[in-house]
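K.L.:
Sequence and predicted model, in that order:
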Amino acid sequence: MPEAKKTCRIFISAAEPSADAHCAALITTLKQSSYNIEFVGVGGPKMAAAGCTLLETTVARAAMIYNAFSQVGFFYKLIKRITAFLQSNKVDLVIVCDSPAFNFHIAKAAKKAGLKTLFYVAPQLWSWAGWRIRKMQKYCDKLCCILPFEQDWFSQRGVDTTFVGNPILDELTPPLSPYRKNYINFNTENARFAILPGSRTAEINTLWPPMQQISLCLKQKYPNAAFTTVAVDADRQKTLKSTQIPGFQCKYTIGSVSETARDADFAIVASGSATLQVAAVGCPMVVMYQSSKILWHLIGRWLVTTKYLSLVNILANKELVPEFMPYFSSIKPILAAIEMLLEDSDKLAQTSDALIHLAEPLVQKKACNEVAGTVVEMLR
């Protein structure tokens, strides 16, 4: 007679669409383990569909940096609810995924309740706010990082860290070399563009309009150019369509950034994890992120410690792709950088090759499997 599975409960905290997807994949993988696991937490529709009971849906409120201030009241009340839940219910492990501004509070609550905490996706303390390493040392029992250099950075600072691969690339199987673009006989008149404004509402509000304006200018110069954008779900797609500016024509899809970029000659991308998905299929790009000019000069530029701001350039340790971070108002410099690249097919091919080489180490491990293995170890 087979031995009955041990029953346990895991609390998972995710606050944005990408974390919702990562945690949903992890839940699905853990269901195949030797444990009978009850999942409860906060997150989004993908976690719910995977079998997690949600105390609150958080992903629709996802924000970054300065835009997060408008959500303070909601998250303050939610933290109090989660703290009470962890103190009054049996929980065997707490997993917090990304969103350190929120999840440090959840990890602190878990520690007060005497619970082990796994951080999935490292906060980018190596880029800014390095002083917060003390919080990691205090509240994190295990860190599963998704960028190769992070393992040494955090380990050297006393955090038990393992590189698990990058979950946004789990859909890709190495080697990545078949994705290289050669641009032989490339005709700029027929260029195909991927327009990727991100998944957060704040990103869409600030980047989608200028990305469309850039596209309209490109269409004037390259009349046969085609544009495709991808949304993480139907709600985000509806938002994109409802804010389409006059004259802009685009194909809308729901699904994978990698698939969209694979079929494109060039991408205009919001800064973030999507840049790695674009890089992994060898698609040259420009990277954008908008910020308040006043807040950037007062606060932002003093907090950032890395030479580059986009993940692709950080990993390459050089400006492999043009980055406009922050972008404030004028699209002219961005448009000029795109046109310069489009007119140089050799440079496009070299960039494609370099991006593939950069992303190759990130796909050697399947993150959902690696993290699931760590979770099972922590449950024993």
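P.N.:
Sure, I can see it.
K.L.:
How about residue 351: what's its closest non-neighbour residue?
P.N.:
residue 284 (4.3 Å; CB to CB, 6 or more residues apart in numbering). Backbone N, C-alpha and C define where each C-beta goes, glycine included.
K.L.:
Then residue 158?
P.N.:
Nearest to residue 158 is residue 137, by CB to CB, 6+ apart, at 5.2 Å.
K.L.:
before we move on, back to that, report how many residues lie close to the residue nearest to residue 351.
P.N.:
Burial of residue 284 is recorded as 27 neighbouring residues (other CB atoms under 10 Å).
K.L.:
which ones are touching it?
P.N.:
Counting by CB atoms under 8 Å, 6 or more residues apart in numbering, residue 284 makes contact with 181, 265, 266, 267, 321, 341, 348, 351, 352, 355.
K.L.:
Then residue 14?
P.N.:
Residue 14 makes contacts with 20, 22-23, 41-44, 47, 58-59, 97-99, as judged by CB under 8 Å, 6+ apart.
K.L.:
Touching, residue 27 and residue 49? I think so.
P.N.:
No - shown here, residue 27 and residue 49 do not form a contact pair, counting by CB atoms under 8 Å, at 9.4 Å.
K.L.:
about what we covered before: hang on, the residue nearest to residue 158 packs against residue 161?
P.N.:
No - Residue 137 is beyond contact range of residue 161, at 11.3 Å (criterion: CB under 8 Å).
K.L.:
Looking at those two, which has the bigger crowd around it?
P.N.:
residue 161 (22 against 13).
K.L.:
Now do the same contact list for that one.
P.N.:
122, 142, 143, 144, 145, 150, 151, 154, 155 are the contacts of residue 161 under CB under 8 Å, 6+ apart.
K.L.:
Apply the buried test to these and list what passes.
P.N.:
Neighbour-count burial (16 or more other CB atoms under 10 Å) applied to the contacts of residue 161 gives 122, 142, 143, 144, 145, 150, 151, 154.
K.L.:
hey, what's the second one bridged with?
P.N.:
Legend: beta-bridge partners of residue 142 under DSSP bridges are residue 118.
K.L.:
number of nearby residues for residue 104?
P.N.:
Using other CB under 10 Å: residue 104 sits among 19 other residues.
K.L.:
Then the one 5 residues further on?
P.N.:
A count of neighbours around residue 109, defined by other CB under 10 Å, yields 23.
K.L.:
Now do the strands in the stretch 201-350 of the chain.
P.N.:
For the stretch 201-350 of the chain, applying DSSP state E, counting those that start in this stretch gives strands covering 226-231, 251-254, 266-270, 285-290, 323-327.
K.L.:
which stretches of this protein have low pLDDT?
P.N.:
1-4, 61-71, 129, 290-306, 327-328 (pLDDT under 70).
K.L.:
So it: which segments form each domain?
P.N.:
Under the assignment automatic domain parsing, the domains of the chain span 6-165+365-379, 177-362.
K.L.:
Compare the ones you listed and report which one is nearest to residue 171.
P.N.:
domain 177-362 (6.3 Å; CB to CB).
K.L.:
re the thing from before, enumerate every residue touching the residue nearest to residue 158.
P.N.:
Contacts for residue 137 (CB under 8 Å, 6+ apart) come out as 157, 158, 159.
K.L.:
cutoff 10 Å now
P.N.:
When contacts are counted by CB atoms under 10 Å, 6 or more residues apart in numbering, residue 137 touches 154, 157, 158, 159, 160.
K.L.:
Now do the same for the third one: helix, strand or coil?
P.N.:
At residue 158 the chain is in coil, as set by DSSP: H, G, I helix; E, B strand; the rest coil.
K.L.:
returning to what we had before: tabulate the domains of the chain (CSV), appending distance to residue 171.
P.N.:
Compiled in CSV, the domains of the chain are given as follows (distance: least, CB to CB, whole Å):
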stretch, distance to residue 171
domain 6-165+365-379, 10
domain 177-362, 6
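K.L.:
For stretch 21-34, buried residues please.
P.N.:
21, 22, 23, 24, 25, 26, 27, 29, 30.
K.L.:
from these, which is closest to residue 218?
P.N.:
residue 21 (30.2 Å).
K.L.:
Pretty sure that closest one sits against residue 47.
P.N.:
Yes - with contact defined as CB atoms under 10 Å, residue 21 counts as touching residue 47 (8.6 Å).
K.L.:
Quick check: neighbours shared by those two?
P.N.:
Common neighbours of residue 21 and residue 47, counting by CB under 10 Å, 6+ apart, are 14, 59, 97.
K.L.:
one step back: among the strands of the stretch 201-350 of the chain, which is the most enclosed?
P.N.:
Comparing those by mean neighbour count (mean count of other CB atoms under 10 Å), strand 266-270 comes out on top with a mean of 27.
K.L.:
May I have that strand exported as PDB, CA atoms only?
P.N.:
Listed next in PDB are the C-alpha coordinates belonging to strand 266-270 (Å, rounded to 0.1, in the frame of the first residue of the first chain):
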ATOM      1  CA  PHE A 266      13.300  44.700 -34.100                       C
ATOM      2  CA  ALA A 267      11.700  45.400 -30.700                       C
ATOM      3  CA  ILE A 268      10.800  48.500 -28.700                       C
ATOM      4  CA  VAL A 269      10.700  47.300 -25.100                       C
ATOM      5  CA  ALA A 270       9.800  48.600 -21.600                       C
END
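K.L.:
That strand pairs with which strands, parallel or anti?
P.N.:
Sheet pairing for strand 266-270, assigned by DSSP bridges, gives strand 192-196 (parallel), strand 285-290 (parallel).
K.L.:
who wins for proximity to residue 174 among the ones you listed?
P.N.:
Smallest distance to residue 174 across the strands paired with strand 266-270 (CB to CB): 21.0 Å, for strand 285-290.
K.L.:
mind checking how far the closest one is from the chain centre?
P.N.:
14 Å (CA atoms, centre = their mean, to the nearest Å).
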